[in-house]
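Visitor: just need the structure, nothing else, for what follows:
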Amino acid sequence: MDAIIITDLFKGNQVEEMRHWLDNESPYYDDQTWERHESGMMKKTCPELDMYHTFSIDKAREVFDVSNLLPTFATLNWYESEANYPIHKDADPIEFTILYNYYSESGWNMNVNGSDIVLADEEALAYHGQQTDHGRLENPGGVTVALYFNYARPENYHFALGEFSGGEPVFPSGRHYTEIKKDWC
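Guide: Coordinates of the predicted model:
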C-alpha cells in the first residue's frame with residue numbers, strides 16, 4: 001500500500017462541527033497552546049482532536065486492514081508558505097497515519113513513494129508511515145491547516161508507557177527497549 005485518498009473520512013454534522021471549531025483556531029491567538037517549529041510549522045494537541053481521532057479508528061482499521069489498530073496521538077498542524085518537510089519514514093508510535101487536509105489555500109502537495117499527490121480541502125490521505133517514503137512538497141503559498149491521526153499495533157512500545165525521544169522509546173524504569181518483554185498485549 002502506497003497511499004489511499006479518503007474523500008469521506010468525516011461527514012454531515014461532524015464536518016459542520018469541525019468547520020466551526022477550525023475556522024476559529026489560529027496559532028496567532030496568544031493562548032500558548034501551539035508549538036512553534038523552526039521549519040515554520042505550528043502544531044497543537046487538544047481534546048477536540050481526540051474525538052475525531054476516536055471516530056476515525058474504524059476507518060483506519062478498514063483502510064490499513066489491521067483489525068486491532070489503536071490510536072496513538074493526533075495533532076492539528078498549521079503550515080505557511082515557508083514550511084517544507086523532506087521525504088522520510090516515520091518511527092515509533094507513528095506506524096500508520098491518516099492526514100486530513102482541512103484547508104489549503106494552494107493545494108496540499110505530498111510525495112508518497114515517489115508519486116506526487118495533491119489533496120483537495122476536506123480530503124484525507126492514508127499511508128503506512130513506517131514503510132512508506134513520504135513528505136510535504138514545497139508549499140506553493142498560503143496557509144494549510146491539516147489534522148494528523150496516528151495509529152499503531154497493540155504491541156507497539158507506545159502502549160507500555162514508552163516515551164519516544166531520539167528515535168527510541170524511553171521507559172520510566174530507565175530500562176532500554178531491548179530489555180522490555182512485550183507482554184502487555
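
Visitor: hey, let's count contacts and neighbours off CA atoms from now on
Guide: Noted.

Visitor: burial check on the nearest residue to residue 98 once chain neighbours are set aside, number of neighbours?
Guide: The spatial neighbour of residue 98 that comes closest, neighbours along the chain excluded (CA to CA, 6 or more residues apart in numbering), is residue 126 at 4.3 Å. Neighbour count of residue 126, defined by other CA atoms under 10 Å: 23.

Visitor: swap in residue 44?
Guide: The criterion is other CA under 10 Å. On that basis, residue 44 has 17 neighbouring residues.

Visitor: which residues touch it?
Guide: Residues touching residue 44, when contacts are defined by CA atoms under 8 Å, 6 or more residues apart in numbering, comprise 33-35, 75-77.

Visitor: not counting its neighbours along the chain, what's nearest residue 53?
Guide: The shortest distance from residue 53 to any residue that is not its chain neighbour, by CA to CA, 6+ apart, is 6.0 Å, and that residue is residue 149.

Visitor: could you tell me how far the helix or strand where the one you found lies lies from the centre of the chain?
Guide: With elements delineated by DSSP states H and E, residue 149 resides in strand 144-152, which encompasses its position. Relative to the centre of its chain, strand 144-152 is centred 2 Å away, using CA atoms, centre = their mean, to the nearest Å.

Visitor: contact partners of it?
Guide: Residues outside strand 144-152 that contact it (CA under 8 Å, 6+ apart): 53, 69-80, 93-105, 108.

Visitor: got a pLDDT number for the most centrally placed residue in the chain?
Guide: Among the residues of the chain, the smallest C-alpha distance to the mean C-alpha position (CA atoms, centre = their mean) belongs to residue 148, namely 2.3 Å. For residue 148, the pLDDT comes out at 95.

Visitor: so for it, what's the nearest residue that isn't a sequence neighbour?
Guide: What sits nearest to residue 148 in space, not counting adjacent residues and going by CA to CA, 6+ apart, is residue 99, at 4.6 Å.

Visitor: and the one you found, what are its bridge partners?
Guide: Partner residues in beta bridges with residue 99: residue 125, residue 148, with DSSP bridges as the criterion.

Visitor: where do the domain boundaries of the protein fall?
Guide: Here the chain is described, according to automatic domain parsing, as comprising the domains 4-153, 157-185.

Visitor: can you say which helix or strand has residue 118 in it?
Guide: Take DSSP H and E as the rule and residue 118 turns out to sit in strand 115-119.

Visitor: which helix runs longest in this structure?
Guide: Using DSSP state H to assign secondary structure, the helix with the most residues in the chain is helix 12-22.

Visitor: one step back: got a quick ChimeraX command for the buried subset of the contacts of residue 44?
Guide: Below is the selection syntax for ChimeraX that covers the buried ones among the contacts of residue 44, with 16 or more other CA atoms under 10 Å defining burial:
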select :34,75,76,77
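
Visitor: what number of residues lie near residue 181?
Guide: Using other CA under 10 Å, residue 181 is surrounded by 8 other residues.

Visitor: you'd agree it is in a helix?
Guide: No: per DSSP: H, G, I helix; E, B strand; the rest coil, residue 181 lies outside any helix segment and is coil.
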